[in-house]
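Visitor: prediction below, plus the sequence it came from.
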Amino acid sequence: MDKILKLFHSLRFRLIASVVTIEVVMLSLLVWNNIAIIHSTHTDRLRDTATSMIQQIANTAGNYMVAVDYATLEDYLSNIINYKELAYIIITDRDDKTVIALGTDRPQARPAIDAHPAQVDDGIFDISQDINLAGQKMGRVLMGFSLSLMDDAIHKSRNRGITIALIEIILTIIVTIFIGLSLTRRLAILSKAAAEVEAGNYTVSVPTEPKDEVGKTAAAFNNMVTEVSRRTQQLLQEEEKTQQLLNENRQLIQKSLEVQEEERKHLARELHDELGQCITAIQADATSITDLSPQCDKRVVASAQAILSVSSHIYDVVHSMMHLLRPSVMDNLGLVEALKDEIKAWNKRHPKTVCVHYFEGELSELGERINITIYRIVQECLTNIAKHANAEHVKIKVINDNKKIHLSISDDGDGMDTGVTGKHLGLGLIGIRERIQALHGVFYYETAVNDGFRISIHIPLDIPEIDT
Ligand SMILES: Nc1ncnc2c1ncn2[C@@H]1O[C@H](COP(=O)(O)OP(=O)(O)OP(=O)(O)O)[C@@H](O)[C@H]1O
Ligand SMILES: [Mg+2]
């Protein structure tokens with residue numbers, strides 16, 4: 001079935017089939033028309049010949065019949081009976097009795113008279129004519145003409161017509177196949193070349209000779225391929241440049257993230273070392289003032305206590321700033337403990353929401369870059385949940401399957417309508433995407449109104465050390 005359908009789709013087949021069909025129909029009509037004309041010409045000629053012969057015999061026979069000279073009349077008729085189409089001649093007297101009967105194909109009884117040779121069904125065209133003399137009926141002439149010679153002639157003409165038509169059909173088929181093949185062969189070359197261009201080969205070119213319609217199409221095709229090739233090349237170069245710019249930007253972002261982290265780390269250390277030391281010294285001094293105050297002067301003691309309480313408040317503020325800048329637990333106890341610490345503190349700050357965590361696989365040897373990336377992403381996501389989600393439950397999963405790190409953060413909060421243009425383009429999510437792309441990872445999120453927010457991240461572990 002498929003093969004037949006394919007055949008019908010072939011231009012070559014359709015061309016040949018339609019030309020041959022038209023040819024067969026037209027030639028059949030022509031042959032049929034010719035046969036009809038030949039038939040009517042022959043029958044009309046026979047009718048005219050028969051009519052004039054019987055008229056002549058009727059005119060001549062009258063005189064012989066008056067003289068009852070049947071012998072001479074028979075002589076006269078025996079010359080006529082030799083006429084090749086004539087089957088019989090019968091002369092009857094006025095009582096309809098046969099007086100002369102000539103010819104081999106004479107009928108047994110009186111034959112039925114035919115109006116026209118075309119309406120004959122027994123192979124003999126029978127006619128009759130009264131023999132009149134001076135207004136008196138003397139008798140009747142009956143003649144029969146055989147149609148076999150006429151039928152032979154018609155048959156031969158028909159055969160000749162059919163033979164000529166067949167030769168013409170065969171010649172047409174040969175010429176059509178020849179033209180069809182040469183045309184479709186060139187079209188096939190064009191279609192093959194188009195397929196190659198589609199597959200990305202822009203070096204193809206098709207022959208443009210002879211310069212007929214197909215040749216012109218081929219020339220236009222070659223020009224088109226050259227133009228497409230030029231533009232593709234241009235696009236590729238531009239894409240390469242864009243990709244290079246993108247890579248440079250990523251490196252820049254990565255570098256600035258690292259600098260930022262380094263700066264935070266440095267600041268945290270400075271705060272710890274300098275301010276921490278100073279506050280401790282202030283607190284020690286305030287305690288000494290109390291101790292050294294003569295007779296424990298109440299005003300001095302109160303002032304020293306105030307210094308102690310303010311300095312301890314400063315210490316708390318500085319401590320929490322230090323934690324935000326750089327969680328020391330990350331350096332001391334690793335990613336998992338730092339995350340647990342962060343989640344615990346977050347749960348404390350947001351009692352209406354419960355955040356649970358799930359860790360799986362080896363997570364203690366991921367390296368500084370992955371550790372800080374995961375930590376900062378969790379921080380940003382928890383901040384987002386507190387800011388936008390109105391959630392009751394939050395789940396954070398970190399899994400190492402030895403090929404990738406899978407991080408997911410999901411909540412059951414209000415979610416977001418992603419159809420609202422621009423709403424999901426905050427700096428937080430863009431920052432997450434940049435951090436993940438710098439590590440050759442994948443980041444995506446799913447959300448819908450009242451259906452929570454789910455972030456999924458996959459970071460490959462076999463990434464090459466990222467260029468700085
Ligand atoms: N957990 C969440 N639930 C519901 N909507 C969220 C959630 N997280 C993010 N969104 C939506 O996504 C938007 C983009 O978040 P993103 O963190 O990029 O920006 P932001 O939090 O609005 O601002 P920024 O982080 O720059 O301070 C948010 O404005 C908020 O509409
Ligand atoms: Mg945010």
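Guide: The structure has been received and is ready for your questions. Ligands and ions are numbered 1, 2, ... in the order given.

Visitor: burial measure for the residue in the stretch 51-200 of the chain that ligand 1 sits nearest to, as a count.
Guide: Residue of the stretch 51-200 of the chain nearest ligand 1, by CB to the nearest ligand atom: Gly200 (39.2 Å). (Glycine included, C-beta is placed from N, CA and C.) Gly200 is flanked by 7 other residues according to other CB atoms under 10 Å.

Visitor: and it, helix, strand or coil?
Guide: At Gly200 the chain is in coil, as set by DSSP: H, G, I helix; E, B strand; the rest coil.

Visitor: where do the helices of the stretch 301-450 of the chain begin and end?
Guide: Shown for the stretch 301-450 of the chain, the helices assigned by DSSP state H, counting those that start in this stretch span residues 328-333, 335-349, 368-384, 427-438.

Visitor: can you point out the buried residues in the second one?
Guide: Meaning helix 335-349. Counting neighbours by 16 or more other CB atoms under 10 Å, one finds that the buried residues in helix 335-349 are 335-336, 338-339, 341-343, 346.

Visitor: quick one on the thing from earlier: let me know which of the helices of the stretch 301-450 of the chain is the nearest to Ile35.
Guide: Checking those against Ile35 by CB to CB gives helix 427-438 as the closest, at 86.5 Å.

Visitor: what's the angle from the closest one to helix 368-384?
Guide: Relative orientation of helix 427-438 versus helix 368-384 (axes from the mean of the first three to the mean of the last three CA atoms, to 10 degrees): 160 degrees.

Visitor: other residues contacting helix 427-438?
Guide: 250, 253-254, 257, 373, 376-377, 380-381, 383-384, 442-443, 445, 455, 457, 459, 466 (CB atoms under 8 Å, 6 or more residues apart in numbering).

Visitor: among those residues, the buried ones, what's the ChimeraX command?
Guide: Buried subset of the contacts of helix 427-438, written as a ChimeraX selection, criterion 16+ other CB under 10 Å:
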select :250,254,257,373,376,377,380,381,384,443,445,455,457,459
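
Visitor: quickly note the distance from Val329 to ligand 2.
Guide: Going from Val329 to ligand 2 by CB to the ion, to the nearest Å gives 23 Å.

Visitor: residues touching that residue, list them.
Guide: 337-338, 341.

Visitor: and of those, the nearest to Thr60?
Guide: Ala338 (143.6 Å).

Visitor: any idea of the mean pLDDT in stretch 407-427?
Guide: The pLDDT scores in stretch 407-427 average 82.

Visitor: and that stretch, what's buried?
Guide: Quick answer for stretch 407-427 (16+ other CB under 10 Å): 407-416.

Visitor: in CSV, list the residues you listed along with distance to Met1.
Guide: What follows is the buried residues of stretch 407-427, written out as CSV (distance: CB to CB, whole Å):
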residue, distance to Met1
Leu407, 55
Ser408, 52
Ile409, 56
Ser410, 53
Asp411, 57
Asp412, 56
Gly413, 58
Asp414, 57
Gly415, 52
Met416, 53
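
Visitor: between all of those, which two are separated the most?
Guide: Going by CB to CB, the pair spanning the buried residues of stretch 407-427 furthest: Leu407 and Asp414, at 22.2 Å.

Visitor: and the longest helix for this protein?
Guide: helix 213-270 (DSSP state H).

Visitor: tell me the mean pLDDT for it?
Guide: Averaging pLDDT along helix 213-270 yields 89.

Visitor: so where's the protein shaky on pLDDT?
Guide: Along the chain, the model assigns pLDDT under 70 to residues 294-296, 420-425, 463-468.

Visitor: can I see the domain layout of it?
Guide: Using automatic domain parsing, the domain ranges for the chain come out as 2-171, 331-468.

Visitor: can you list the ones you listed in TSV and add distance to ligand 2?
Guide: Formatted as TSV, those follow (distance: least, CB to the ion, whole Å):
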stretch	distance to ligand 2
domain 2-171	58
domain 331-468	3
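
Visitor: now those domains in CSV, with distance to ligand 1?
Guide: Below are the domains of the chain laid out as CSV (distance: least, CB to the nearest ligand atom, whole Å):
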stretch, distance to ligand 1
domain 2-171, 53
domain 331-468, 2
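
Visitor: could you export these to JSON lines, including columns for distance to Ala195?
Guide: Listed next are the domains of the chain as JSON lines, based on distance: least, CB to CB, whole Å:
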{"stretch": "domain 2-171", "distance to Ala195": "16"}
{"stretch": "domain 331-468", "distance to Ala195": "35"}
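
Visitor: angles on the backbone of the residue lying closest to Leu86 once chain neighbours are set aside, please.
Guide: The shortest distance from Leu86 to any non-neighbouring residue, by CB to CB, 6 or more residues apart in numbering, is to Phe145 (6.1 Å). Phe145 adopts backbone torsions of phi -110, psi 130, taken as degrees, to the nearest 10.

Visitor: which residues does Phe145 contact?
Guide: With CB under 8 Å, 6+ apart, Phe145 has these contacts: 46, 49-50, 85-87, 117, 124-125, 127.

Visitor: and which of these is nearest Asp69?
Guide: Nearest member of the contacts of Phe145 to Asp69, counting by CB to CB, is Leu86, at 22.3 Å.

Visitor: Arg454 belongs to a helix?
Guide: No: according to three-state DSSP, Arg454 belongs to no helix; its state is strand.

Visitor: that one: what's it in contact with?
Guide: By CB under 8 Å, 6+ apart, the residues touching Arg454 are 408-411, 445-447.

Visitor: if we ignore the residues flanking it in sequence, what's nearest Arg106?
Guide: Here the residue nearest Arg106, using CB to CB, 6+ apart, is Tyr88, at 4.3 Å.

Visitor: can you pull the contacts of that neighbour?
Guide: 81, 101-107, 142-144.

Visitor: could you redo those as a markdown table and give each row distance to Ile307 and secondary structure?
Guide: Output for those, formatted as a markdown table (distance: CB to CB, whole Å; DSSP: H, G, I helix; E, B strand; the rest coil):
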| residue | distance to Ile307 | secondary structure |
| --- | --- | --- |
| Ile81 | 166 | coil |
| Ala101 | 169 | strand |
| Leu102 | 168 | strand |
| Gly103 | 163 | coil |
| Thr104 | 162 | coil |
| Asp105 | 159 | coil |
| Arg106 | 164 | coil |
| Pro107 | 160 | coil |
| Leu142 | 163 | strand |
| Met143 | 161 | strand |
| Gly144 | 158 | strand |
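
Visitor: just the buried ones from these?
Guide: By neighbour count, with 16+ other CB under 10 Å, the contacts of Tyr88 hold 102-103, 107, 142-144 as buried.

Visitor: got JSON lines for the contacts of Tyr88, with distance to Ser364 too?
Guide: Shown next, in JSON lines, are the contacts of Tyr88 (distance: CB to CB, whole Å):
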{"residue": "Ile81", "distance to Ser364": "134"}
{"residue": "Ala101", "distance to Ser364": "137"}
{"residue": "Leu102", "distance to Ser364": "136"}
{"residue": "Gly103", "distance to Ser364": "131"}
{"residue": "Thr104", "distance to Ser364": "129"}
{"residue": "Asp105", "distance to Ser364": "126"}
{"residue": "Arg106", "distance to Ser364": "132"}
{"residue": "Pro107", "distance to Ser364": "129"}
{"residue": "Leu142", "distance to Ser364": "133"}
{"residue": "Met143", "distance to Ser364": "131"}
{"residue": "Gly144", "distance to Ser364": "127"}
